[in-house]
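K.L.:
Sharing a sequence plus its predicted fold:
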Amino acid sequence: MLGIFLKLFRKSRKIHRRPPLSQCFGPRDSPANNTIYAANRVKNEILIWTKDSVDPTKTISGTLSDPYSIFVTYNGDIYINNGGEPNRRVDKWILSTDTLVTVMNVNASCFAIFVDMNDILYCSIYEQHKVMRQWLIHNDIIITIVVGTDSNGSALNERNGPMGIFVELNFDLYVADCANDRIQLFQSEQINAKTIAGVSSSDISIPLSSPNGILANTDKYLFIVDGSNHRIVGSGPNGFRCLIGCNDRGSESNQ
């Protein structure tokens, strides 16, 4: 689905002078309704493409400031990092009412956000080397640190520039520990992590350089955005292999 989005976006860019893809962050697809979502930080807006659409079918703007990351729920609501000055918050766009409401106040921008099956909102803060969470039910305003401290480090309970995050159905938390060149797994409610890819991994792994995105499927196989290596790598029954961008950086279809 994301590949179709990229193809349509390039076509739209050539014909209609849409913002270049390098200006859009956090493309997300919703398997529930075949819709693509992306954040345009330059214009402070969220773009939505429904199935087979070349041009965006919906634009969300208004009070957004530097919307770096987004998370889309199955009912079509969107959680948006509205982290630029002076906002410093996470907002929720409600599909049924077409309105924005604030759900979390933060003192720095969230590089990535994630909402798990218990309606817990996670926010990774790169500059502060930690991941925070807040319960969304009952309008809970208590924010707790679940990963890292306020200082950087490479110990199992420390982070150095955490970026992408992913929470499984069993509430295990994966963190792309970018500046430490590793992916870490925090089993539910555990403080110390297991490094499962990259530097100091105890498992059969692959070298990583500034990983900034992470997904896991139901078989616990990983898909990692290996940022400085300009590629996407994945794990499987035979270990890790390169999936996309395996011929170094460039603008060709295989790069």
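P.N.:
On my side now, so go ahead.
K.L.:
Now for residue 192: which residues touch it?
P.N.:
156, 157, 186 (Cβ atoms under 8 Å, 6 or more residues apart in numbering). All C-beta spots, glycine's among them, are computed from the backbone N, C-alpha and C.
K.L.:
Tell me the one among those nearest to residue 68.
P.N.:
Taking Cβ to Cβ as the measure, residue 68 lies nearest residue 186 of these, at 22.5 Å.
K.L.:
got the buried residues for stretch 224-243?
P.N.:
Burial within stretch 224-243, assessed by neighbour count using 16 or more other Cβ atoms under 10 Å, is assigned to 224, 225, 226, 227, 229, 230, 231, 232, 233, 234, 235, 240.
K.L.:
Quick check: residue 136 vs residue 219, distance?
P.N.:
Residue 136 is 28 Å from residue 219, where distance means Cβ to Cβ, to the nearest Å.
K.L.:
just to revisit the earlier point, filter the contacts of residue 192 down to the buried ones.
P.N.:
Those of these that meet the buried threshold are residue 186, by 16+ other Cβ under 10 Å.
K.L.:
Would you confirm that residue 131 belongs to a strand?
P.N.:
Yes - assessed with DSSP: H, G, I helix; E, B strand; the rest coil, residue 131 lies in a strand.
K.L.:
Now flag whichever of the buried residues of stretch 224-243 is closest to residue 161.
P.N.:
In terms of Cβ to Cβ, no member of the buried residues of stretch 224-243 lies closer to residue 161 than residue 227, at 10.8 Å.
K.L.:
so what's that closest one up against?
P.N.:
Contact analysis of residue 227 by Cβ under 8 Å, 6+ apart lists 178, 209, 210, 211, 212, 213.
K.L.:
re earlier: can you lay out the buried residues of stretch 224-243 as JSON lines showing secondary structure?
P.N.:
As requested, the buried residues of stretch 224-243 are exported to JSON lines (three-state DSSP):
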{"residue": "224", "secondary structure": "strand"}
{"residue": "225", "secondary structure": "strand"}
{"residue": "226", "secondary structure": "strand"}
{"residue": "227", "secondary structure": "helix"}
{"residue": "229", "secondary structure": "helix"}
{"residue": "230", "secondary structure": "coil"}
{"residue": "231", "secondary structure": "strand"}
{"residue": "232", "secondary structure": "strand"}
{"residue": "233", "secondary structure": "strand"}
{"residue": "234", "secondary structure": "strand"}
{"residue": "235", "secondary structure": "strand"}
{"residue": "240", "secondary structure": "strand"}
